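J.: I'd like to go over a predicted model; first the sequence, then the structure.
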Amino acid sequence: MPLKACSRACANASPARPEAMDFAITTLLNALTLISILMLVGLGLAISFGLMNVTNLAHGEFVTVGAFAVYFIQSMGGSFWLGLAAAPIAGAVVGCILEFAVIRHLYSRPVSTVLATWGVSLILQQGLELTFGLGAKPVTPPVEGTLDLFFTVYPAYRLILIGIAMVTLLGVILLISRTSFGLDIRTVIQNREMAEGVGINTRRTYAIAFTFGAAIAGLAGGLVAPLAIVLPQMGVNYLANAFFVVIVGGVGSIGGLVAGSVFVGGLTSILNYQISPSLAQAIVLLAAIVAVRVRPNGLFNGASR
């Protein structure tokens, strides 16, 4: 995951603080930052792949679109928060167009969906490159300082990111479990024919769910923009990690999404301190394969949707 590293030196920890405690808390917070991002990206994918059984290879581009929305707003003189508000809207617009123009015609043809969304991802990458040009785009965080957490100091924006991610996750859980729309989604997933028989518009439900997943991915892109290298191709890495999270944790389960995010994000953060990011990613992939082999239904097997 191409996040800008935050080490003890980055946090400007005081020499008077216990080094072991300082290192442990910084490592934990770095892991929580990555876990939060993975949860947001994985939430969108869990809806389209885990719940709707749509393999969307353009999901990473929703993250990219969200990041570029923040960059564009800032480049026009707007604030980061305005850009962050625009990020899920941009993701939702692209997702709605993709679902209406392509995916709704391919629900019963999974192989065609894979090929079509792969082509869309390439088109979106090239479109962003033609629009914004080559090279990384700078995004300035809304808060530059650090907060003193007693045993260490840590960048304030990363703590804000963690908080927003937790609130978003709670909101999605409440939406799925406590609203009529969430009930419609669960009904359509369990039995589409019966859902249609009781008057649920399954096509509209799928369209709204897919667009909602794209909006969450756009929000993730907006949040990660100040911490990552904003490029038209940045979504590829987030797509791979999101699939790891959903499959390892358990397809179609919110609890599995959290478990998968902790597994992938925590292991990646720990390994990044010891070895190169490329080797760390390879080891995480191997660990994910082993986890799926041992628990084919996911780490959170049996969790309710």
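T.: Nice, I can see it.
J.: thinking L159 is in contact with T146, fair?
T.: No - contact criterion Cβ atoms under 8 Å: L159 and T146 do not qualify, at 9.3 Å. Placement of C-beta: from N, CA and C, glycine included.
J.: Under a three-state scheme, what state does the residue positioned nearest the centre of the chain occupy?
T.: Taking Cα atoms, centre = their mean, the centroid of the chain lies closest to V41, which sits 1.1 Å from it. When classified by DSSP: H, G, I helix; E, B strand; the rest coil, V41 comes out as helix.
J.: how much space is there between it and A195?
T.: Applying Cβ to Cβ, to the nearest Å, the value for V41 to A195 is 28 Å.
J.: and what of F243?
T.: 27 Å.
J.: Can you report phi and psi for the residue nearest to R203 when sequence neighbours are not counted?
T.: Residue nearest to R203 in three dimensions, not counting chain neighbours: R104, with 6.6 Å by Cβ to Cβ, 6 or more residues apart in numbering. Main-chain dihedrals, R104, degrees, to the nearest 10: phi -60, psi -20.
J.: Tell me who's in contact with P142.
T.: Counting by Cβ atoms under 8 Å, 6 or more residues apart in numbering, P142 makes contact with S79, F80, W81, Y157, I160.
J.: By neighbours, which of those residues wins?
T.: When neighbours are taken as other Cβ atoms under 10 Å, the top entry among the contacts of P142 is Y157 (21 neighbours).
J.: Tell me if I'm right that that one and V143 touch.
T.: Yes - if you go by Cβ under 8 Å, Y157 and V143 touch, sitting 4.8 Å apart.
J.: Flag every buried residue along stretch 109-128.
T.: Of the residues in stretch 109-128, T113, A116, T117, V120, S121, L124, Q125, L128 count as buried by neighbour count, 16 or more other Cβ atoms under 10 Å.
J.: What about those residues, which are in helices?
T.: T113, A116, T117, V120, S121, L124, Q125, L128 (DSSP state H).
J.: pLDDT below threshold where in this protein?
T.: The model of the chain has pLDDT under 70 over residues 1-18, 50-51, 189-192, 252, 301-305.
J.: Could you rerun that using 50?
T.: 8-9, 11, 13-14, 16, 302-305 (pLDDT under 50).
J.: For it, just list every one of the strands.
T.: In the chain, strands defined by DSSP state E lie at 146-148, 153-155, listed in chain order.
J.: Identify all contacting residues around stretch 160-175.
T.: By Cβ under 8 Å, 6+ apart, stretch 160-175 touches 29, 32-33, 36-37, 39-40, 43, 142-143, 181-182, 216, 219, 223-224, 227, 254, 258.
J.: Show me which parts of stretch 169-177 are buried, residue by residue.
T.: Neighbour-count burial for stretch 169-177, counted by 16+ other Cβ under 10 Å, picks out L169, V172, I176.
J.: Let's see that stretch as CSV, backbone CA atoms only.
T.: What follows is stretch 169-177, C-alpha atoms only, in CSV (Å, rounded to 0.1, in the frame of the first residue of the first chain):
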residue,chain,number,x,y,z
LEU,A,169,-18.1,1.9,9.1
LEU,A,170,-20.7,2.4,11.9
GLY,A,171,-23.0,4.3,9.5
VAL,A,172,-22.8,1.5,6.9
ILE,A,173,-23.5,-1.2,9.5
LEU,A,174,-26.6,0.8,10.7
LEU,A,175,-27.7,1.4,7.1
ILE,A,176,-27.5,-2.3,6.2
SER,A,177,-29.0,-3.6,9.5
